[in-house]
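Participant: only geometry, no sequence info:
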């Protein structure tokens, strides 16, 4: 096994592209090291990206925020501007693992681990976040939802690294929220989860909405029908009922050690409804 | 017995205080040495290969490729652990569990092991071992295993305890029955009858420290074992027997222990480590991973229990009956028997009958877990008792008080009780402010009672007085919950010296006589009895030495508050001699001063507890939060109240996990799905409220200080107390433990229709 710590993204991409055996990218390591310890993966090459300039920074730009791939989730919670603009994304990132894990883990890693139960991903999808992908043939910017393609699988090609996650500038009267269900209070994996992102007009009518569900299908689901159920309405009881029903119906969950199909369907609706209520309040809706 | 063990009603000066524990600084600074913290020169890494099948014949094992791998020093299979058990069926089961002989009986059953120069080589070697399995049909559910068409786990087992000798083998190893009176007649006299069936899933003790040991077998037939265990003397006996060693030549040292709760009373990896060391000719360290701990060290039983209780309108129970089925893993056990004994132990019953069935399943060998078998029986019985109180329209606490066992009551399992604490714990609960605190929407309160026998057993203690007057206490019961502090308090009390003048250690098997293990809540009960006896023997010698120093008859010397005092007016001018004074002169008055004691601690006092619990249930998700919890338990005498409270809280915490989320989840393939703390959900700190405790002291008449065991009873009531609370909060009776959110939500939805 070979461990390297390149100082430029180009070098990292080159090393990954040339790697012969299995290779892994190391940022926080909160997934990778656990999987190595459990004997599930045995990489020949480990590329630590924490030495690459800029990857450990959150930058506020004219377009919004750029969150470097090596920024630990705990740092997101310490960025007042980001927290104000995207409270749902930050609260999702701050639910991963434990306090100690949050000091290491990253939202980019959470995305690339490609678990349908990843906490930050439904919030990022609801937020319309983009990923900046650097590879041997250049840089491309893609919607985050196209990165995971199934449990443990991504659309990233050999040699490609996500350099940063982009979050847009906030329109007035916007708010987002993320909720997950776990049987414990912390240090657990979402049984099912929901992220909701809303923008309202001056009267509190929903202008734009995105609704995403986690642990409800092989990948995080962007439920467009659920968003449509909210758009053009205030968040009244009927709209919330409809949202819950659509979300429950959109789930394609499995029965497993963490929960049943029935439970996930039912609770997906409950969480979507509760997250929408919080997002609406954060957007200034009454 | 060389001293009078009866309760003396004395006043205490040390016992009942709360000094810091002697092992505390080491533990908080990280210096304490646990199982994996010990190393020997030239030590190898041991790793175990485990069956991926729930039930499979082992046709052939080919270890040749693994043996050829550079760095591999030994590879063993069952052939390297020949059967030396000489017809002892229990020991044979232990041997077969440590290394499968002809069949793998559960997912995780050890089939081979290697010792190599490092972990990576050992892991690679395991991959090179080729095993030809013939996969057999399996059964993991306790009820399914009892069906006549169920896959048979051991065709040499015929159910014991039936009236007619069975002609066909069965997965049911034993039927046992307890009770008295005539339940048929009793139910005939009842105005109300509640009859329900309950299930509880299998749980693991969840100790944070995995099993770990270092084994070193020498060419001369001597061996050493450093190990994390609740009973190093028992480990020595078992390992010596399985390996063909002489017990006195196997020196076993117990490490500090990061939790045991009964799970470290059984050998799992230790005979394997010794066999590897014997073959490799070098010391071998074997540390189980968390995955291995779950798959291959003993969890408790899964159960299926039917309960029927009848009562008159006035609230008198007229009859009580239960049928209890307990899974034992693939080997015979006595788990249902204990459940059948404890089920109705809290009550005064004229007509009671319990029947237990031990059931084999393709799961790991069941091990003791804190008051083993009692919590599940209490869950079923106390749920039914609560429901019956509701039907009659009587307060659940009053209903229990009315029917509680008392001194002189013939218990449901046979013996007649002496002074006991069930009534007082119920009265204390009735008067507790917790019972009157208001509840909010979606909140519910439950309470329940629990019983545990407590045990005594073989115990040996040495007390040595140094020439500087400091005292070392060597005990043989492993300290799992603060017993070194408690035993130091007891020795200080007897000798009349300061706690700080003492240091207690757990001695190894070559330094002290045999001790039973720390189980059955016996550690402080039995070792304190032996400590009192050893201290009194030392006092005899101290008096003798003082008599020599004064040159007066020893009968004229008494021991008072840590000093030898010459009694009578004729010695009026003799100043008293302290323990330090006498110790300082010991070299010239006859040599070292020590007190020794070996005894069987009889007369362990039974113990009762009553718990109160408030929960809040989210009716849309089935999530439960425990918002308040109170434990009331009889300790006999709390030697070190802080550690007694710790035991009360620990049992409640484990019970809360068991009640709400912990369970072994098996797939259709018979493999364990959640062998890790991520998906085997023990409570995290933020899941629990501060657990309030109230210690009652109803002295055990068979101990000089009145001590009863305290460690186990606290896990008996929680399943039932929480089930009663959840049922009250959710408005639907919960009958399946754990009451995980999917189960609660399904029950709420079913109730709504």
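Facilitator: Yes, it's here. All values reported here derive from a predicted model rather than from experimental measurement.

Participant: which element is encountered next along the chain beyond the lowest-mean-pLDDT helix or strand in chain A?
Facilitator: The weakest-scoring helix or strand in chain A, judged by mean pLDDT, DSSP states H and E, is helix A:32-37 (a mean of 93). For helix A:32-37, the following helix or strand on the C-terminal side (DSSP states H and E) is strand A:45-48.

Participant: chain center to that next one, what's the gap?
Facilitator: With CA atoms, centre = their mean, to the nearest Å as the basis, strand A:45-48 stands 23 Å off its chain's centre.

Participant: hey, which helix is longest across the chain?
Facilitator: I went with chain A, as the question did not name one. helix A:261-282 (DSSP state H).

Participant: you looked at the wrong chain, it should be chain B
Facilitator: Chain B, longest helix under DSSP H: helix B:523-550.

Participant: hang on, the earlier thing: now do the least confident helix or strand of chain A: everything it contacts.
Facilitator: With contact meaning CB atoms under 8 Å, 6 or more residues apart in numbering or on different chains, helix A:32-37 is reached by A:24-26, A:41-43, A:46, A:109. In short, each C-beta sits where N, CA and C put it, glycine included.

Participant: and the residues you listed as a markdown table, adding pLDDT and neighbour count?
Facilitator: Formatted as a markdown table, the contacts of helix A:32-37 follow (pLDDT from 0 to 100; neighbours: other CB atoms under 10 Å in any protein chain shown):
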| residue | pLDDT | neighbour count |
| --- | --- | --- |
| A:24 | 97 | 21 |
| A:25 | 98 | 23 |
| A:26 | 98 | 20 |
| A:41 | 92 | 13 |
| A:42 | 90 | 13 |
| A:43 | 95 | 19 |
| A:46 | 98 | 19 |
| A:109 | 98 | 26 |
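
Participant: can you tell me which two in those residues are farthest apart?
Facilitator: Of all pairs drawn from the contacts of helix A:32-37, the greatest distance, 18.9 Å, lies between A:42 and A:109 (CB to CB).

Participant: and the longest helix of chain B, what's buried?
Facilitator: By neighbour count on 16 or more other CB atoms under 10 Å in any protein chain shown, the buried set for helix B:523-550 is B:523-539, B:541-550.

Participant: check contacts around the residue positioned nearest the centre of chain A.
Facilitator: Centroid-nearest residue in chain A, with CA atoms, centre = their mean: residue A:121, separated by 1.9 Å. With contact taken as CB under 8 Å, 6+ apart, residue A:121 is in contact with A:110-111, A:144, A:148, A:212, A:214, A:220.

Participant: what does the stretch 151-286 of chain A put close to chain B?
Facilitator: Counting by CB under 8 Å from any CB of the partner chain, the stretch 151-286 of chain A comes close to chain B at A:181, A:183-189, A:191, A:256-260, A:262-263, A:266-267, A:270.

Participant: what are the phi and psi values at residue B:451?
Facilitator: Main-chain dihedrals, residue B:451, degrees, to the nearest 10: phi -130, psi 140.

Participant: how near is the closest residue to it other than its chain neighbours to chain A?
Facilitator: Distances taken as CB to CB, 6 or more residues apart in numbering or on different chains put residue B:345 closest to residue B:451, at 3.9 Å, once the chain neighbours are dropped. As judged by CB to the nearest CB, to the nearest Å, residue B:345 and chain A stand 32 Å apart.

Participant: does residue B:345 count as helix, strand or coil?
Facilitator: Using DSSP: H, G, I helix; E, B strand; the rest coil, the structure places residue B:345 in coil.

Participant: got a list of what it touches?
Facilitator: B:405, B:411-413, B:451, B:606.

Participant: scan those and report the most crowded one.
Facilitator: Most neighbours among the contacts of residue B:345, by other CB atoms under 10 Å in any protein chain shown: residue B:451, with 30 neighbours.

Participant: so that one touches residue B:714, yeah?
Facilitator: No. Checked against CB atoms under 8 Å, the pair residue B:451 and residue B:714 is beyond contact range at 11.7 Å.

Participant: so what would you say the end-to-end distance of stretch B:434-449 is?
Facilitator: 16 Å (CA to CA, to the nearest Å).

Participant: ok, and does that stretch reach over to chain A?
Facilitator: No. Figure legend: stretch B:434-449 not in contact with chain A (CB under 8 Å from any CB); closest approach 14.1 Å.

Participant: what mean pLDDT does that stretch get?
Facilitator: For stretch B:434-449, mean pLDDT is 98.

Participant: then stretch B:664-683?
Facilitator: Mean predicted confidence for stretch B:664-683 is 96.

Participant: quickly find the element holding the residue nearest to the centre of chain A.
Facilitator: Residue-wise, residue A:121 maps onto helix A:120-127 under DSSP H and E.

Participant: got the angle between that helix and helix A:261-282?
Facilitator: Relative orientation of helix A:120-127 versus helix A:261-282 (axes from the mean of the first three to the mean of the last three CA atoms, to 10 degrees): 50 degrees.

Participant: so what's the gap between helix A:120-127 and the chain middle?
Facilitator: 4 Å.

Participant: which element follows that helix toward the C-terminus?
Facilitator: Trace forward from helix A:120-127 with DSSP H and E and the next one is strand A:130-135.

Participant: before we move on, what SS does residue 177 have?
Facilitator: Assuming you mean chain A. From three-state DSSP, the assignment for residue A:177 is strand.

Participant: that answer is for a different chain, and I need it for chain B
Facilitator: strand.

Participant: okay, domains of the chain per the record?
Facilitator: Using chain A. Listed domain ranges for chain A are A:2-49+A:62-168, A:174-282 (source: automatic domain parsing).

Participant: meant chain B actually
Facilitator: Using automatic domain parsing, chain B is parsed into the domains B:24-32+B:456-601, B:35-136+B:206-296, B:303-454+B:605-752.

Participant: list the contacts for the residue nearest to residue B:686 when sequence neighbours are not counted?
Facilitator: In this structure, residue B:686 finds its nearest non-sequential neighbour in residue A:185, 4.3 Å apart by CB to CB, 6+ apart. Taking CB under 8 Å, 6+ apart, we find residue A:185 in contact with B:625, B:684, B:686-687.

Participant: quick check on residue A:24: phi, psi?
Facilitator: Torsion angles, degrees, to the nearest 10, at residue A:24: phi -140, psi 150.
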